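Chemist: Need a 3D model of the following:
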Amino acid sequence: MTQAIKPRIMIIGAGAMGRLWAAYLHTAAEVWFATRSVSGPKIDYPMRDATGSRHSISVPVWVRERGLPDCILVMTKAPDAEAALAPFDALLSTNTLLSTDIPVVLFQNGMGSQRTIVERYPGVPIIAASTTEGAYIAPDGLLVHAGKGITWVGGLNAIAQSQAEAAVNYLGLSGLTVAQDNDIEGRLWQKLAINAGINPFTALLDCPNGEILGNGYFEQRIGGVCEEVSTLMNARGRPIPAATLEAQVREIANRTATNSSSMRQDIRAGRQTEIDMMNGFVVRESEALGLSAPVNRELTTAVRALRHTKA
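Modeler: Residues are numbered from 1 along each chain as shown. Alright, predicted model coming up:
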């Protein structure tokens, strides 16, 4: 009997989220990491899944001899996403017919990087993913799946509409919950509000998500964060009450109480954060419309200063 050919999935970025998806996909698909930070033929790492079970994961590193992937998942931080795709410009060139068949799925937090990539690759199906899966890499290198969630997927450009279902099917091989959303941009806006309301506080307070709840610094500012995001969304034609956004922030913070946010991890490791794609994006977009966002500006400035003091 002929063995079925496994789909080939390239994951750009081997951070916590990249490793999480690789761990769940690698038994049902041929998975490769594409990363400049590793010179060896594979990446090995331990993992603790959402049930508490431990696994040893081994994922090959992509080289040109492996050929073309069927799907590309971009798992880098938002500020690094465009540069991470640049080495594959020839593959994704609009002059290459193959590029129209390779969905590129962006998992970046915040807003702004997606728009830049869509503009750079007009002939490529660019798809956004918004996930509530929680994962982090512990100091000993253990990948921890801290909380199960759902991943929503949808096209960002016209050519992506026909490939969104294929992307859902590829990601669904993981066994994680994946669904299609025809208004993925609306979902990205709500995810922006959640990230802006959780990540900077966990970084500044140096605590897991759940511990921001009830903290005075958080409680004094979260209403302002959500009010400013709500005002911006309304101006962009996506009205949603500030109270609804705040309720979502609190619900996610409680549901992912033990998770260490990516921004907190970045500060601890002395890495660049995504603050400019989250609260900083709210400030820039608000001011472009003649609106003010003083609370988001305060948090953006504080996180930037925190990174400087930790460097």
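Chemist: quick one: the strands in the protein?
Modeler: Applying DSSP state E to the chain gives strands spanning 8-12, 30-34, 42-48, 54-60, 71-74, 104-106, 126-131, 134-137, 143-147, 151-155, 178-180.
Chemist: and the angle for the first one with strand 30-34?
Modeler: Spelled out, that is strand 8-12. Interaxial angle of strand 8-12 relative to strand 30-34 (axes from the mean of the first three to the mean of the last three CA atoms, to 10 degrees): 20 degrees.
Chemist: For burial, what's the neighbour tally of the nearest residue in space to Met278 that is not next to it in sequence?
Modeler: Nearest residue to Met278, sequence neighbours excluded (CB to CB, 6 or more residues apart in numbering): Gly110, at 4.3 Å. Every C-beta, even on glycine, is put in place using the N, C-alpha and C of the backbone. Neighbours of Gly110 under the rule other CB atoms under 10 Å: 24.
Chemist: follow-up on the earlier one: including mean neighbour count, distance to Ala196 and mean pLDDT, could the strands of the chain go into CSV?
Modeler: Formatted as CSV, the strands of the chain follow (neighbours: other CB atoms under 10 Å; distance: least, CB to CB, whole Å; pLDDT from 0 to 100):
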stretch, mean neighbour count, distance to Ala196, mean pLDDT
strand 8-12, 24, 25, 95
strand 30-34, 22, 29, 94
strand 42-48, 16, 29, 96
strand 54-60, 13, 32, 96
strand 71-74, 26, 21, 96
strand 104-106, 26, 18, 96
strand 126-131, 26, 14, 94
strand 134-137, 22, 17, 86
strand 143-147, 21, 19, 90
strand 151-155, 23, 18, 96
strand 178-180, 15, 24, 96
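Chemist: Any chance of CSV for the ones you listed, columns distance to Ala23?
Modeler: Compiled in CSV, the strands of the chain are given as follows (distance: least, CB to CB, whole Å):
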stretch, distance to Ala23
strand 8-12, 11
strand 30-34, 9
strand 42-48, 5
strand 54-60, 5
strand 71-74, 13
strand 104-106, 17
strand 126-131, 14
strand 134-137, 9
strand 143-147, 7
strand 151-155, 15
strand 178-180, 15
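Chemist: what's the closest of the ones you listed to Arg307?
Modeler: Nearest to Arg307 among the strands of the chain is strand 134-137; the distance by CB to CB comes to 18.1 Å.
Chemist: okay, and for the stretch 151-300 of the chain, where does confidence drop off?
Modeler: Scanning the stretch 151-300 of the chain for pLDDT under 70 picks out no residues.
Chemist: about what we covered before: so the residue nearest to Met278 sits against Phe281, correct?
Modeler: Yes - here Gly110 reaches Phe281: they are 5.8 Å apart, a contact under CB atoms under 8 Å.
Chemist: Give the residues shared as contacts by these two.
Modeler: Leu192 (CB atoms under 8 Å, 6 or more residues apart in numbering).
Chemist: got the contact list for the nearest residue to Leu143 once chain neighbours are set aside?
Modeler: Counting by CB to CB, 6+ apart, Met47 is the residue found nearest to Leu143 once chain neighbours are left out, at 4.3 Å. Met47 sits next to Arg19, Ala23, Arg54, His55, Ser56, Ile57, Leu142, Leu143, Val144, His145 when contact means CB under 8 Å, 6+ apart.
Chemist: how does it look with 6 Å?
Modeler: The contact partners of Met47, taken as CB atoms under 6 Å, 6 or more residues apart in numbering, are Ala23, His55, Ile57, Leu143.
Chemist: Could you work out the most separated pair of those residues?
Modeler: Maximum distance among these (CB to CB): 9.1 Å, for His55 and Leu143.
Chemist: hmm, back to that, which single one of the contacts of Met47 is nearest to Ser292?
Modeler: Using CB to CB, the contacts of Met47 come closest to Ser292 at Leu143, 40.7 Å.
Chemist: The closest one touches Arg19, doesn't it?
Modeler: Yes - if you go by CB atoms under 6 Å, Leu143 and Arg19 touch, sitting 4.9 Å apart.
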